[in-house]
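> Quick one: sequence and predicted model below, then my questions.
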Amino acid sequence: MKAETPAEGILKRNEWGDSVWYQVTCVCGDAHHDHNVWIETDDNTEVTVTTYTRQRSAKWWERNRWSAIWTLLTRGYVEYEASIIMTQQQALNYAETLKTAVNALGTKK
């Protein structure tokens, strides 16, 4: 199996100088499960990968808002989870997209 171009399940949304934004779609087709991935480099040749998703609290079927608020107040954090379903091809494309973006952004410095 080889990485594809254009890539199944990976959409390049935009690019700005030292950052690039991709949308990784979930196989189920629900846009709420998609991951928006931002890849950025800085002057120190460090790479930041930020993933934006619609989060759902862990064990969301057992919790309500007041329970989440109480946990936040008493523990200082609330646990969340996000998942995405990908085909094998899409997972390979995702990995290759990260690699390609890091290399491309690194050459702009």
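Perfect, thanks for sending it.

> continuing past the worst-scoring helix or strand of the chain on mean pLDDT, what's the next helix or strand?
Within the chain, no helix or strand scores below strand 56-57, which has a mean of 66 by mean pLDDT, DSSP states H and E. Following strand 56-57 in sequence order, the next helix or strand is helix 65-75 (DSSP states H and E).

> Off-centre distance for that next one?
With CA atoms, centre = their mean, to the nearest Å as the basis, helix 65-75 stands 26 Å off its chain's centre.

> One more: stretch 83-91?
Relative to its chain's centre, stretch 83-91 lies at 12 Å (CA atoms, centre = their mean).

> Can you tell me what sits against it?
The contact list for stretch 83-91 (CB atoms under 8 Å, 6 or more residues apart in numbering) reads 1, 4, 7-10, 24, 26-28, 33-35, 53, 94. In this view, the C-beta of every residue, glycine as well, is placed from N, C-alpha and C.

> now with 10 Å?
1-4, 7-10, 24-30, 33-35, 51, 53, 56, 92-94 (CB atoms under 10 Å, 6 or more residues apart in numbering).
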